[in-house]
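[1] Mind looking at a prediction? Sequence and model below.
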Amino acid sequence: MRMRTSAGIIAATALLGSALAGGVATAATPGTAHPAAAATTATAACVNAEAQENVKIRKERKLNSTAVGLFTKGATTCIRDKAKGQSYHLCGRSGTDWMKITYRGNTGWIPGACGSRQV
């Protein structure tokens, strides 16, 4: 009897939490996540970068690192990470901030000055 009540409370709590978070409210087996709810959470956390000019996507956070792709002017993508790296003077600014992005299947780093953040 107690197990049945606990399972009902867990399912109701999961439905309420999904509804409050703006996700898809569906009943699920305890311990399993609903794929649509996970996708909603991942999308909401995305902060976009827009290329200020054509910039090479680098394997590491330094200018002489191997280029793995090209982030083309005006293109947008999600910023996956931010970190300090080699100093640069690019895209009209100087800095040491780098952004990790994935663009057209290429994951790597671009100078922060070359990918403005959008909200």
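    Good, I have the coordinates.
[2] Which other helices and strands does the longest strand belonging to the chain contact?
    Using DSSP state E, we find that the single longest strand of the chain is strand 76-90. With contacts defined as 3 or more C-beta pairs under 8 Å, 6 or more residues apart in numbering; DSSP states H and E, strand 76-90 has these neighbours: strand 48-51, strand 93-103, strand 106-111, strand 115-118. Bear in mind the C-beta positions are built from the backbone N, C-alpha and C, glycine included.
[3] which residues of this protein score low on pLDDT?
    For the chain, the stretches with pLDDT under 70 are 1-44, 117-119.
[4] at 80 what do you get?
    For the chain, the stretches flagged by pLDDT under 80 are 1-45, 117-119.
[5] before we move on, back to that, give the pairing partners of the longest strand of the chain; include direction for each.
    Looking at strand 76-90 with DSSP bridges, its partner strands are strand 48-51 (antiparallel), strand 93-103 (antiparallel).
[6] can those strands go into TSV with extra columns for mean neighbour count and distance to residue 77?
    Converted to TSV, the strands paired with strand 76-90 look like this (neighbours: other C-beta atoms under 10 Å; distance: least, C-beta to C-beta, whole Å):
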stretch	mean neighbour count	distance to residue 77
strand 48-51	19	6
strand 93-103	18	5
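[7] Quick check: which of the ones you listed is nearest to residue 74?
    Set against residue 74 and scored by C-beta to C-beta, the strands paired with strand 76-90 come closest in strand 48-51, at 6.2 Å.
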